[in-house]
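# Okay, sequence plus prediction incoming.
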Number of protein chains: 2
Amino acid sequence: MSQPIVVPVALGARSYEIAIGPGLLAEAGQRISALAPKARLAIVTDANVAALHLATLTASLDAAGLEHQTITVAPGEASKSFATFAEVCEGLIATRVERGDLVVAFGGGVIGDLAGFAAAAVRRGMRFVQIPTSLLAQVDSSVGGKTGINSRHGKNLVGAFHQPSLVLADTQVLDTLSRREFRAGYAEVAKYGLINDAPFFHWLENNWQDVMAGGPARVEAIATSCRSKAGIVARDETETGERALLNLGHTFGHALEAVTGYNSARLVHGEGVSIGMVLAHEFSARLGLCSQETPSRVAAHLATAGLPTRIDQVPGGAGTAGELMNAILQDKKVKRGKLTFILTHGIGESFIANDVDPSAVTGFLEEKLAGAGKLGA
Amino acid sequence: MSQPIVVPVALGARSYEIAIGPGLLAEAGQRISALAPKARLAIVTDANVAALHLATLTASLDAAGLEHQTITVAPGEASKSFATFAEVCEGLIATRVERGDLVVAFGGGVIGDLAGFAAAAVRRGMRFVQIPTSLLAQVDSSVGGKTGINSRHGKNLVGAFHQPSLVLADTQVLDTLSRREFRAGYAEVAKYGLINDAPFFHWLENNWQDVMAGGPARVEAIATSCRSKAGIVARDETETGERALLNLGHTFGHALEAVTGYNSARLVHGEGVSIGMVLAHEFSARLGLCSQETPSRVAAHLATAGLPTRIDQVPGGAGTAGELMNAILQDKKVKRGKLTFILTHGIGESFIANDVDPSAVTGFLEEKLAGAGKLGA
Ligand SMILES: NC(=O)c1ccc[n+]([C@@H]2O[C@H](COP(=O)([O-])OP(=O)(O)OC[C@H]3O[C@@H](n4cnc5c(N)ncnc54)[C@H](O)[C@@H]3O)[C@@H](O)[C@H]2O)c1
Ligand SMILES: NC(=O)c1ccc[n+]([C@@H]2O[C@H](COP(=O)([O-])OP(=O)(O)OC[C@H]3O[C@@H](n4cnc5c(N)ncnc54)[C@H](O)[C@@H]3O)[C@@H](O)[C@H]2O)c1
């Protein structure tokens, strides 16, 4: 077998490892049977990933003598719905997997969240393995055990904390990802630098092209991201404190996703996060928390990497300040009328602000939208 | 406030108390605000319970100054569906309850299971209070943290372990329960005697009429049941061992519910459990595990209490042995092709049998059904 980078996630009895490297998909059978020699597998995937990579996975499982069945759902955020959740749960039960067997979430963040929640719920908790196939899923959604689906009222409002038993991140699988999706995942990579690791952000400013090209820099960036997330999750599994830092850019980002109707033709999650992170830095600068240069530097790097950084780049517009605020107030980071935002004192110096005044946010958004209107006009 | 019997459920950081006694509903406001002074409440109930008892509950909450909103679903097992789960989750989110707020499950076992699972899932886990209003819910479903809904393939196959923060069992509320539903709950009371407490079963043989009539014997029977369940749950929260004893009579019972289409006009859960317990004792006797007198004595007491004890008492019939076996094989107590049944060496001497031969069960059921056919002819 290959020698991947292994990042441990230290969660006591629920600890597990993330293996990161090229070619892991072809080793999935060996690696899963080392974990659960006789388990039967129910693979949950989407049609895109199935068409490109399912044969490699199942060949590896067959070689290891592991029984498997596959449930395929439609690609895209719309599958994180109650209806598809029901479908996946019923599908898992129909495969007759039992409590010792394994659910395999094989796809991007949508599949990880959906299949992970189904694994948490079916028989009140089945073991599962994450095989993330998008950059976003490899550096973010597959690590940490948050699973879930979307509500009519907002994203990820229904779900479970359910840790996987193993994460296999095959960095080569990312070669078939569209440039756009790769970049969207890159926003989350940059996030780890911005949260608490300025040297990593500087390294990315110099090496982002190698990360995109593949090879050791990509593996290194993914491993650094996973180590960062694993550390935060180990210190705060259920988000009672520090884990909220991972939401840097996400309150604005989720609001943008909501007003664009979760329509990936207009905006994908990572693009929302990219714009959201720039907004969080701009808002911090405006509150006098960091220098004016900070948001400019953040925006410059993300734009260089090909990501949108301004509200006016959202195709079809991003609604009104009122619509965005309404989405923000529905998001889960609201406590007794005060807003919780992740703000920053500078690059790599993010912190949790628990008492942000909603009217300050409204004012800020109105100004941004007015600016956007002018630029767009 | 009144002086209810308090049964502690010892689960470390997730410990909580069950208060049992007459008149607790009118004290719910005081008792909940002692737990969570500023919490906002989202009550989930069914139309029957709402019509009879919601006003008492809300008056008490108003008096304690607790904000509340109510989500009402249709009564009956059919509400333990994916569709109603989605409806309740969306309803809870629409009330804008936040993570520190409380979901109140106010009703029988259907509401407890449904609202409990929704509480587990919304925002990945909200606190919740159980106010069980059926005897079955007071002695069984509200204690122990199992929540869930039904799958097309079987009962309770989707859900979560989610412990309440408090259980309020108002024994007076049971006065409005139909005789039939009261008796169905009584089957679960008798179960605790049959599992591991022969003196309690003897006490019930002598005092069942007082339990039905209300007053101290009822409170005592409910408290004994809760203590028994709480002890088992504290020793084995996630059912890796001993907790399976609580399934005495349930494998057969669930199969009977499945073949009668969960149609409560034909069979309610406790009736299935009653017949199922008798079958489990008869099957044990047939395997030579207990005396022939044991099942007769169990059947005699349950019949005296007004419960069905024979397959031929299922209105419309209970299908074929094949149909029952198919339902049993879909149930969750299956491990690598061998069946797990709760069998017994005598009254109060139940044990977990992990290696029951499916063909022995089929043979037993065929014989029972043939007998039933003869009786029915
Ligand atoms: N659970 C968490 O902690 C967490 C964290 C961040 C984001 N998320 C969630 O993740 C989701 C976004 O994840 P995503 O960006 O991976 O979305 P996604 O799963 O929709 O994947 C994006 C697209 O890429 C395709 N794809 C995936 N892998 C591919 C591959 N190797 N080759 C070709 N195409 C491939 C998919 O079919 C899809 O069309 C959102 O729903 C977000 O809420 C969850
Ligand atoms: N979670 C667990 O550990 C567990 C254990 C045992 C059973 N259960 C589940 O519990 C359910 C059965 O519970 P149930 O028997 O309470 O069913 P239920 O909730 O359907 O209640 C039975 C009927 O009584 C009505 N009712 C409830 N309280 C009343 C009152 N005080 N006055 C008048 N009518 C009242 C209800 O509206 C309903 O019509 C099943 O779904 C079963 O799977 C769960």
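Perfect, I can see it now. Ligands and ions are numbered 1, 2, ... in the order given.
# Contacts only, for the residue in the stretch 151-300 of chain A that ligand 1 sits nearest to.
Relative to ligand 1, the nearest point of the stretch 151-300 of chain A is residue A:176 (3.6 Å; CB to the nearest ligand atom). Quick note: C-beta positions are derived from backbone N, CA and C, even for glycine. Taking CB atoms under 8 Å, 6 or more residues apart in numbering or on different chains as the contact definition, residue A:176 lies against A:52, A:53.
# Identify each buried residue in the helix or strand hosting residue A:209, please.
Using DSSP states H and E, residue A:209 maps to helix A:198-213. Within helix A:198-213, the residues that count as buried by 16 or more other CB atoms under 10 Å in any protein chain shown are A:200, A:201, A:203, A:204, A:205, A:208, A:211, A:212.
# Restrict whichever strand or helix holds residue A:31 to CA atoms and write it as CSV.
Per DSSP H and E, residue A:31 falls inside helix A:28-35. Extracted in CSV, the C-alpha atoms of helix A:28-35 (Å, rounded to 0.1, in the frame of the first residue of the first chain):
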residue,chain,number,x,y,z
ALA,A,28,-10.0,1.4,-0.1
GLY,A,29,-10.8,-2.4,0.1
GLN,A,30,-7.6,-3.2,1.9
ARG,A,31,-7.9,-0.3,4.3
ILE,A,32,-11.6,-0.8,5.1
SER,A,33,-11.1,-4.5,5.6
ALA,A,34,-8.3,-3.8,8.1
LEU,A,35,-10.9,-1.8,10.0
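# Wondering if the next helix or strand after that helix reaches chain B at all.
Counting by DSSP H and E, the next helix or strand C-terminal to helix A:28-35 is strand A:41-46. No. Legend: contact between strand A:41-46 and chain B by CB under 8 Å from any CB of the partner chain is lacking; minimum distance shown is 13.6 Å.
# downstream neighbour of strand A:41-46 in the secondary structure list?
Proceeding N to C from strand A:41-46, the next assigned helix or strand is helix A:47-63, under DSSP H and E.
# quick one on the thing from earlier: now do the helix holding residue A:209: everything it contacts.
Contacts for helix A:198-213 (CB under 8 Å, 6+ apart): A:182, A:186, A:189-190, A:192-194, A:216-218, A:221, A:224, A:228, A:301, A:304-305, A:346-349.
# can we see that at 7 Å?
If you take CB atoms under 7 Å, 6 or more residues apart in numbering or on different chains as the criterion, helix A:198-213 is touched by A:182, A:189-190, A:192-194, A:217-218, A:221, A:224, A:301, A:305, A:347-348.
# next one: stretch A:348-362
Stretch A:348-362 has contacts (CB under 7 Å, 6+ apart) with A:193-198, A:201, A:244-245, A:248, A:321, A:325, A:328, A:335, A:338-345.
# in the stretch 1-150 of chain A, which spans are helices?
Using DSSP state H, counting those that start in this stretch, the helices found in the stretch 1-150 of chain A span residues A:28-35, A:47-63, A:82-94, A:109-121, A:135-136.
# nearest to ligand 2, of the ones you listed?
Nearest to ligand 2 among these is helix A:109-121 (14.3 Å), distances taken as CB to the nearest ligand atom.
# Does anything pack onto the closest one? Which helices or strands?
For helix A:109-121, the packing partners by 3 or more CB pairs under 7 Å, 6 or more residues apart in numbering or on different chains; DSSP states H and E come out as strand A:41-46, helix A:82-94, strand A:102-107, strand A:127-132, strand A:146-151, strand A:154-161, strand B:154-161.
# most tightly surrounded among the ones you listed?
Looking across those with neighbours counted as mean count of other CB atoms under 10 Å in any protein chain shown, the highest average goes to strand A:102-107: a mean of 29.
# does that one come close to chain B?
No. Figure legend: strand A:102-107 not in contact with chain B (CB under 7 Å from any CB of the partner chain); closest approach 13.0 Å.
# List the pairing partners of that strand within its sheet, with orientation.
strand A:41-46 (parallel), strand A:127-132 (parallel) (DSSP bridges).
# follow-up on the earlier one: please produce TSV containing the helices and strands packed on helix A:109-121, extended by mean pLDDT and distance to residue B:33.
Output for these, formatted as TSV (pLDDT from 0 to 100; distance: least, CB to CB, whole Å):
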stretch	mean pLDDT	distance to residue B:33
strand A:41-46	98	43
helix A:82-94	97	33
strand A:102-107	98	41
strand A:127-132	98	40
strand A:146-151	96	28
strand A:154-161	92	27
strand B:154-161	92	26
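# could I get these as CSV with distance to ligand 1?
CSV is the format used below for the helices and strands packed on helix A:109-121 (distance: least, CB to the nearest ligand atom, whole Å):
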stretch, distance to ligand 1
strand A:41-46, 5
helix A:82-94, 12
strand A:102-107, 5
strand A:127-132, 7
strand A:146-151, 4
strand A:154-161, 6
strand B:154-161, 17
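# nearest to ligand 2, of those?
For ligand 2, the closest of the helices and strands packed on helix A:109-121 is strand B:154-161, at 5.5 Å, according to CB to the nearest ligand atom.
# helices and strands around the closest one, which ones?
The contact analysis (3+ CB pairs under 7 Å, 6+ apart) places strand B:154-161 against helix A:109-121, helix B:109-121, strand B:146-151, helix B:250-259.
# one more time with 10 Å, if that's ok
Packing contacts for strand B:154-161, counted by 3 or more CB pairs under 10 Å, 6 or more residues apart in numbering or on different chains; DSSP states H and E, involve helix A:82-94, helix A:109-121, helix B:82-94, helix B:109-121, strand B:146-151, helix B:250-259, helix B:321-330.
# any idea of the angle it forms with strand B:146-151?
With axes from the mean of the first three to the mean of the last three CA atoms, to 10 degrees defining the directions, strand B:154-161 sits at 140 degrees from strand B:146-151.
# who in the stretch 151-300 of chain A is up against chain B?
Of all the residues in the stretch 151-300 of chain A, those in contact range of chain B (CB under 10 Å from any CB of the partner chain) are A:151-154, A:156-162, A:238-240.
# Run through the stretch 251-377 of chain A and note the low-pLDDT ranges.
Along the stretch 251-377 of chain A, segments meeting pLDDT under 70 span A:331-336, A:372-377.
# still on that earlier bit, any chance of a markdown table for the strands paired with strand A:102-107, columns distance to residue B:108?
Output for the strands paired with strand A:102-107, formatted as a markdown table (distance: least, CB to CB, whole Å):
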| stretch | distance to residue B:108 |
| --- | --- |
| strand A:41-46 | 33 |
| strand A:127-132 | 32 |
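# Tell me which of the contacts of stretch A:348-362 fall in strands.
Among the contacts of stretch A:348-362, DSSP state E puts A:335, A:338, A:339, A:340, A:341, A:342, A:343, A:344 in strands.
# Which of the residues you listed sits closest to residue B:119?
Nearest to residue B:119 among these, counting by CB to CB, is residue A:335 at 18.7 Å.
# Give me the distance between residue A:177 and residue A:214.
According to CB to CB, to the nearest Å, residue A:177 stands 11 Å off from residue A:214.
# Looking at these two, which has the bigger crowd around it?
Comparing residue A:177 with residue A:214 by neighbour count (other CB atoms under 10 Å in any protein chain shown), the higher total belongs to residue A:177, at 20 against 14.
# residues near the residue lying closest to that one once chain neighbours are set aside, how many?
Spatially, and ignoring its direct neighbours in sequence, residue A:177 is nearest to residue A:134 (5.9 Å; CB to CB, 6 or more residues apart in numbering or on different chains). Counted by other CB under 10 Å, the residues lying close to residue A:134 total 29.
# Spit out the contact partners of residue A:134.
Residues in contact with residue A:134 (CB atoms under 10 Å, 6 or more residues apart in numbering or on different chains) are A:48-49, A:107-112, A:140-142, A:173-174, A:177-178, A:181-182, A:184-185, A:268-270.
# Domain-wise, how is chain A divided?
As assigned by automatic domain parsing, chain A contains the domains A:5-176, A:179-376.
# Go through the ones you listed and name the closest to residue B:22.
Ranking the domains of chain A by proximity to residue B:22 (CB to CB) places domain A:5-176 first, at 33.4 Å.
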